[in-house]
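> 3D model of this:
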Amino acid sequence: MEAHHIELLRKLGTKKGMLGQIFTKAQNKIQDPAKLYRLIAMVDETQWVTLDADVKGDIYEGLLEKNAEDTKSGAGQYFTPRALIRAMVECVRPEPGKSIADPACGTGGFFLAAYDYIVGNYKLDKRQKEFLKHEAFHGNEIVANTRRMCLMNMFLHNIGEIDGEATVSPNDALVAQSSVSYDYVLANPPFGKKSSMSFTNAEGEQDTDDLTYNRQDFWATTSNKQLNFVQHIRTMLKTTGTAAVVVPDNVLFEGGAGETIRRKLLENTDLHTILRLPTGIFYAHGVKANVLFFDNREASPRPWTKAVWYYDYRTNIHHTLKKKPLRYEDLAEFIKCYNPENRHKRKPTWHPEKHPDGRWRKFTYEELTARDKTSLDVFWLKDRSLADLDNLPEPDELAEEIIENLEAGLSSFREVLQGLGEGR
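Residues are numbered from 1 along each chain as shown. Below you'll find the predicted structure:
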């Protein structure tokens, strides 16, 4: 049975289209014949053909989420919290017949949320349904196993054909400018400054030096991967295109190339919204991230960004992955403030005297460019836990937060140590 299973996986890997790409280099990791037999029997008991795409897709998404919780495997770095993805899609409101891209698509979470939004909010004609299934989604994912999971996830959600060509490329998106422009880019590019690509040097050792992409269409040359992704995403958009992208804090304050890129982003796009996210919602420890929402624009002598609206969902907010995970309902107030129906009619919830605890306020282009290094790293709320001991989070939440910060610090120190070793 094991030999037959291995041969079957090999043959499936030689098939054309999405099927072959899902099974490329697939391996049988179950060595115990009794367990393999039981697993095959359990799968065989289910009438998969009678299950609709929603059920099969939900089962697979559930497995991916469970897999992401295994911190040892590192799978969580490819999994963006579905509550956050859904909120981002609700704000962007993708329309039928328009293209959606993700240059670091992981397991395909943004594609599925956009698909669900379009199906749930529009009555599609035959042409629109075909476009959504075959032409709407385009992505890149350089990690082979993650790409495999993404393709399987998309197929189980009725995106693409099993014998059709996959629209998720294994190539590094940052290497060259995209040959196609897109209506929407929804993304959570990988965190960390190192390139995801590693090379074997002359001594046969893995060389993970920072990779600097020399792109003529970039505003600045840098080895910072997130800054490169921000630049690349802007180049992927049509002049009428919209982007929502998750970035770590360093994108908002880093000097040098970071300052150049922020200024260019404010000038050449309408960077209208920044959502500040709390810690404890990602599977990587201690991540401090934000969502940038911006609309691309044609060239103009005047800056397109008039003001940036901020929603601070970090100060005095405490989430943990297991006991208090981020839910879609937690971002309901942000979506309401964002006002997707007409974002040009927004009202701040913050007022210096009347509402000092308001999480929603705007800063003008002039205010932001006057800040040191054009820093977009803006906060205004007071941390209650520093002033009022009655407002401290629960002890187990505090303990989890302390552990997370310590582990994030250790990770940073390891990177520094590795850098010192490479510099000798």
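> mind listing what's buried along the helix or strand where Glu366 lies?
Element membership for Glu366 (DSSP states H and E) is helix 365-369. Buried residues in helix 365-369, defined by neighbour count with 16 or more other C-beta atoms under 10 Å: Tyr365, Leu368. The C-beta positions use only the backbone N, C-alpha and C, and glycine is treated the same way.
> which strands and helices sit next to it?
Contacts defined by 3 or more C-beta pairs under 8 Å, 6 or more residues apart in numbering; DSSP states H and E place helix 365-369 against helix 257-268, strand 307-312.
> just to check, Asp172 is in contact with Ile142?
Yes. Between Asp172 and Ile142 there is a contact under C-beta atoms under 8 Å: 5.3 Å.
> need the strands for the stretch 251-400 of the chain, in chain order.
269-276, 289-296, 307-312, 360-364 (DSSP state E, counting those that start in this stretch).
> any idea of the angle the last one forms with strand 269-276?
Just to be clear, that refers to strand 360-364. 140 degrees (axes from the mean of the first three to the mean of the last three C-alpha atoms, to 10 degrees).
> mind giving me the packing neighbours of strand 360-364?
If you count contacts as 3+ C-beta pairs under 8 Å, 6+ apart, strand 360-364 packs onto strand 307-312.
> that older thread, can you put the strands of the stretch 251-400 of the chain in CSV and add distance to Pro94, mean neighbour count and mean pLDDT?
As requested, the strands of the stretch 251-400 of the chain are exported to CSV (distance: least, C-beta to C-beta, whole Å; neighbours: other C-beta atoms under 10 Å; pLDDT from 0 to 100):
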stretch, distance to Pro94, mean neighbour count, mean pLDDT
strand 269-276, 16, 22, 98
strand 289-296, 13, 22, 97
strand 307-312, 21, 21, 98
strand 360-364, 24, 17, 97
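> among those strands, which comes closest to Pro325?
Closest approach to Pro325 among these (C-beta to C-beta): strand 289-296, 15.5 Å.
> how about the CA coordinates for the closest one, as PDB?
Output in PDB follows, covering the C-alpha atoms of strand 289-296 (Å, rounded to 0.1, in the frame of the first residue of the first chain):
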ATOM      1  CA  ALA A 289       2.400  46.100  12.300                       C
ATOM      2  CA  ASN A 290       0.100  48.500  10.400                       C
ATOM      3  CA  VAL A 291      -2.100  48.400   7.300                       C
ATOM      4  CA  LEU A 292      -1.500  51.100   4.700                       C
ATOM      5  CA  PHE A 293      -4.400  51.900   2.400                       C
ATOM      6  CA  PHE A 294      -3.500  53.900  -0.700                       C
ATOM      7  CA  ASP A 295      -4.800  54.700  -4.200                       C
ATOM      8  CA  ASN A 296      -2.400  55.100  -7.100                       C
END
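> so in that sheet, which strands flank the strand ranked longest in the chain, and in what orientation?
When the chain is parsed with DSSP state E, its longest strand is strand 237-248. According to DSSP bridges, strand 237-248 forms sheet pairs with strand 182-187 (parallel), strand 289-296 (antiparallel).
> what lies in contact with the longest one?
If I follow you right, that is strand 289-296. The contact list for strand 289-296, computed with C-beta atoms under 8 Å, 6 or more residues apart in numbering, reads 84, 88, 91-92, 191, 230, 234, 237-249, 251-252, 265, 268-277, 282, 304, 338.
> can the strands paired with strand 237-248 go into TSV with extra columns for distance to Ile100?
Conversion of those to TSV gives the following (distance: least, C-beta to C-beta, whole Å):
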stretch	distance to Ile100
strand 182-187	5
strand 289-296	14
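> got a list of what the closest residue to Asp357 other than its chain neighbours touches?
Counting by C-beta to C-beta, 6 or more residues apart in numbering, Asp357 lies nearest to Leu381, which is 6.5 Å off, once chain neighbours are set aside. Contacts for Leu381 (C-beta under 8 Å, 6+ apart) come out as Asp312, Thr315, Asn316, Pro356, Asp357, Arg359.
> quick one, what contacts the residue lying closest to Ala299 once chain neighbours are set aside?
Leaving aside its chain neighbours, Ala299 sits nearest to Asn268 (7.5 Å; criterion: C-beta to C-beta, 6+ apart). Neighbour list for Asn268: Arg234, Asn296, Arg297, Ala299, Ser300, Trp304 [criterion: C-beta under 8 Å, 6+ apart].
> against Gln21, how distant is the fifth one?
Read that as Ser300. To Gln21, Ser300 is 42 Å away according to C-beta to C-beta, to the nearest Å.
> which residue of these two possesses the greater neighbour count?
Neighbours per residue (other C-beta atoms under 10 Å) separate Ser300 from Gln21, with Gln21 holding more: 19 against 9.
> for Glu69, see how far away the closest residue to the more buried one other than its chain neighbours is.
In this structure, Gln21 finds its nearest non-sequential neighbour in Ala166, 5.0 Å apart by C-beta to C-beta, 6+ apart. Relative to Glu69, Ala166 is positioned 27 Å away (C-beta to C-beta).
> the more surrounded of those two?
Ala166 (20 against 13).
> am I right that the more buried one sits in a helix?
No. Going by DSSP: H, G, I helix; E, B strand; the rest coil, the assignment for Ala166 is coil, not a helix.
> hang on, it packs against Gly17?
Yes. Using C-beta under 8 Å, Ala166 and Gly17 qualify as a contacting pair, with a distance of 7.2 Å.
> residues near the closest residue to Gly255 other than its chain neighbours, how many?
Nearest non-adjacent residue to Gly255, counting by C-beta to C-beta, 6+ apart: Lys373, 4.8 Å away. Using other C-beta under 10 Å as the criterion, Lys373 is surrounded by 16 other residues.
> wait, isn't Lys373 in contact with Glu259?
Yes. Using C-beta under 8 Å, Lys373 is in contact with Glu259, at 4.5 Å.
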